[in-house]
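[1] Make a model of this:
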Amino acid sequence: MANLKTKALITDIVLIDIISFSQLKSSQQLEIIVFLTKSFKKMIEKMLLNSNMPLSKFIIGFISTGDGFYCLLNPRLKGFGAILGLSFNHFAEHISVKYPYFEGLKIAVHVGEVNEFEDILGNKNFIGDGLNDCARFLEIKNFNISTVMVSEQAYENLKKFLAVHKDFNRLLTKHGLKKSSQYLFKDKHGKEKKGCLIWLRKSGIINPPDINYNSII
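    All right, here's what the predicted structure looks like:
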């Protein structure tokens, strides 16, 4: 058996899930997933114009789930995943204007381990407990589509990020960052999860910080 070459990373994971996707017609499913993918890519590219980094350095992995997708951030941007989730949430509010059948998104953010591997086509891909754990945070009841669900670990990373990047702390304060009380629940496998909902009173799209990537991993 050939040796498997893997690269384990701990990073922010943002999961986008289209509400009631399976209940849509096939033509609607294709239409909305194509629109979301292209629109979010354009949104991120615009975000990066003032951040001095290419898309490939910002997001190291993009994994389709059929009814949504995972975004894996560069590990040097731990803590920004929650902010990216808030930006996705803001953009989603405008989609229903174009597609009346679109009911909204569920967005979860977690910090976990992912393993890089080469798939059968020779492309870079990822697998790992971090992806599975992130999906479990979409199981929480009373999920408000105007919020983002963040795991306890992701929220701690957000606080560390804001402690370092004071300008982002001021910006989120200005936009009215809000946090729910902690949710404690068990997922479908009986494992205990902790997290909270976050949202902005004045939503918007927030660019990532300008970081020197000369020593990028």
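
[2] in this protein, which spans are strands?
    Taking DSSP state E to define them, one finds strands in the chain at 7-18, 59-64, 68-73, 105-118, 124-127, 148-151, 177-179, 183-186, 192-200.

[3] so which of those is the most packed in?
    Mean neighbour count (mean count of other C-beta atoms under 10 Å) peaks for strand 148-151 among the strands of the chain, with a mean of 28. From N, CA and C alone the C-beta is placed, and that goes for glycine too.

[4] Would you mind confirming that residue 50 makes contact with residue 207?
    Yes. Counting by C-beta atoms under 8 Å, residue 50 touches residue 207, with 5.3 Å between them.

[5] The two: which is more packed in?
    More neighbours surround residue 207 than the other of residue 50 and residue 207, with 17 against 10 (other C-beta atoms under 10 Å).

[6] show me what contacts that one?
    Contact partners of residue 207, counting by C-beta atoms under 8 Å, 6 or more residues apart in numbering, are 47, 48, 49, 50, 51.

[7] Apply 6 Å and report the result again.
    47, 50, 51 (C-beta atoms under 6 Å, 6 or more residues apart in numbering).

[8] same thing with residue 123?
    Contacts of residue 123 (C-beta under 6 Å, 6+ apart): none.

[9] Compute the distance between it and residue 116, please.
    11 Å (C-beta to C-beta, to the nearest Å).

[10] How about residue 41, nearest residue that isn't a chain neighbour?
    Once flanking residues are discounted, residue 41 sits nearest to residue 55: 7.7 Å by C-beta to C-beta, 6 or more residues apart in numbering.

[11] what about that neighbour, distance to residue 187?
    Counting by C-beta to C-beta, the gap from residue 55 to residue 187 is 32 Å.

[12] Can you check the pLDDT for the closest residue in space to residue 205 that isn't next to it in sequence?
    Of all residues not flanking residue 205 in the chain, residue 87 sits nearest, at 4.5 Å (C-beta to C-beta, 6+ apart). We have a pLDDT of 91 for residue 87.
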